[in-house]
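# Give me the fold of what follows.
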Amino acid sequence: MRKQLVIFLACMTLGYATKAQNNCACCDEIHEQFDFWIGDWYVLDTEGNQVGENRISKIEDNCIVLEQWTGAKGTTGTSHNYYDRSDGTWNQLWIDNKGNVLKLKGNLKDGKMVLKGDLKKGKEQWVYDQITWSQNQDGTVSQLWEVFDENDKRIKILFLGIYHRKE
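Prediction:
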């Protein structure tokens, strides 16, 4: 009888531990879609000049992808990236040490994370920001920040950075 009780308690403990692991609200394929960006990175421009460093990690039991940027010229910033089940989108809230705020929303499309901002009044016309992160075959990640007009015509590229993993 005592042996059966020990076996029963052991099974209950294992079952509880397994259930606790499975109760992770953000441990699913959707919350892994942006994992290709996780790591410690040197960020270079297209000419090979280092423009900054970025640390990307997961916090809050995998529910938030946290970005911690340090630019070569002293700019710092942080973003929280998260999947919103209520509307089925990925979202980014970026705030930097200059007081700039960027809010983006989108999804993974063809292996690329594409997030767009709302339409806002620019200097001469209505515009929106779009940032696309792409995992490259060589293990780097590209981040392309573009500005589009209200007719979805690209006006300019604000940033194109290539992320190289720190060794």
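# Could you check how many residues crowd around Gln135?
16 (other CB atoms under 10 Å). To be clear about C-beta, it is placed using only N, CA and C from the backbone, and glycine gets the same treatment.
# for Val141, that is, sorry about that
22.
# Same check on Val43?
22.
# what packs against the helix or strand hosting it?
Per DSSP states H and E: Val43 is located in strand 39-44. Applying 3 or more CB pairs under 8 Å, 6 or more residues apart in numbering; DSSP states H and E, we find strand 39-44 packed against strand 50-59, strand 154-165.
# Packed most tightly, which of the ones you listed would that be?
Across these, averaging neighbours per residue (mean count of other CB atoms under 10 Å) puts strand 50-59 on top, at a mean of 17.
# Convert that one to CSV, retaining C-alpha atoms only.
Taking Å, rounded to 0.1, in the frame of the first residue of the first chain, the C-alpha atoms of strand 50-59 are listed here in CSV:
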residue,chain,number,x,y,z
GLN,A,50,28.6,49.9,-37.1
VAL,A,51,25.6,52.0,-36.3
GLY,A,52,24.8,50.4,-32.9
GLU,A,53,24.3,47.4,-30.8
ASN,A,54,21.0,45.7,-29.9
ARG,A,55,20.1,43.1,-27.3
ILE,A,56,16.8,41.3,-28.0
SER,A,57,15.4,39.0,-25.3
LYS,A,58,12.2,37.5,-24.1
ILE,A,59,10.6,38.5,-20.9
